[in-house]
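[1] Kindly return the folded structure for what I paste below:
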Amino acid sequence: MSQTHQSDPARRARLRWRSRRGLLENDLILTRFLDAHESALTDEEVDAFTRLMELSDNDLMGLLLASQEPEGELDLPQVRSLLVRLRSA
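    Numbering: from 1, shown residues only. So this is what the prediction gives:
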């Protein structure tokens, strides 16, 4: 049986580490969101968050500020749902 994000402290620490970004604005939004919601994230939301962390800082900022919308492999319901939550953080 594989461990979920919530049951694995190493996975939780890795997620928080990946949220540290070069652009201060991204860092503030992501840290504020994780501080408020990390303990309640589902594995599906963690997957969406991880996909967003693979973006460059500028692309991520465009999505967080709603000047861009997810395209291609990122255009998934769970990514769009997470972006709504991140934008309100």
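[2] For stretch 40-49, give the mean pLDDT please.
    What stretch 40-49 shows for mean pLDDT is 89.
[3] Select the longest helix from this protein.
    helix 24-37 (DSSP state H).
[4] So which elements touch the next helix or strand after that one?
    The helix or strand immediately downstream of helix 24-37 is helix 43-53, counting by DSSP states H and E. In this structure, helix 43-53 packs against helix 9-18, helix 57-64, helix 77-87, with contacts taken as 3 or more Cβ pairs under 8 Å, 6 or more residues apart in numbering; DSSP states H and E. Quick note: C-beta positions are derived from backbone N, CA and C, even for glycine.
[5] Which of these sits closest to Thr42?
    helix 77-87 (8.8 Å; Cβ to Cβ).
[6] May I see the buried residues of the closest one?
    Buried residues in helix 77-87, defined by neighbour count with 16 or more other Cβ atoms under 10 Å: 79, 82-83, 86.
[7] Determine the set of other helices and strands touching it.
    helix 24-37, helix 43-53, helix 57-64.
[8] With distance to Trp17 and mean neighbour count as added columns, please give those helices in JSON lines.
    Shown next, in JSON lines, are the helices and strands packed on helix 77-87 (distance: least, Cβ to Cβ, whole Å; neighbours: other Cβ atoms under 10 Å):
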{"stretch": "helix 24-37", "distance to Trp17": "11", "mean neighbour count": "15"}
{"stretch": "helix 43-53", "distance to Trp17": "10", "mean neighbour count": "18"}
{"stretch": "helix 57-64", "distance to Trp17": "15", "mean neighbour count": "17"}
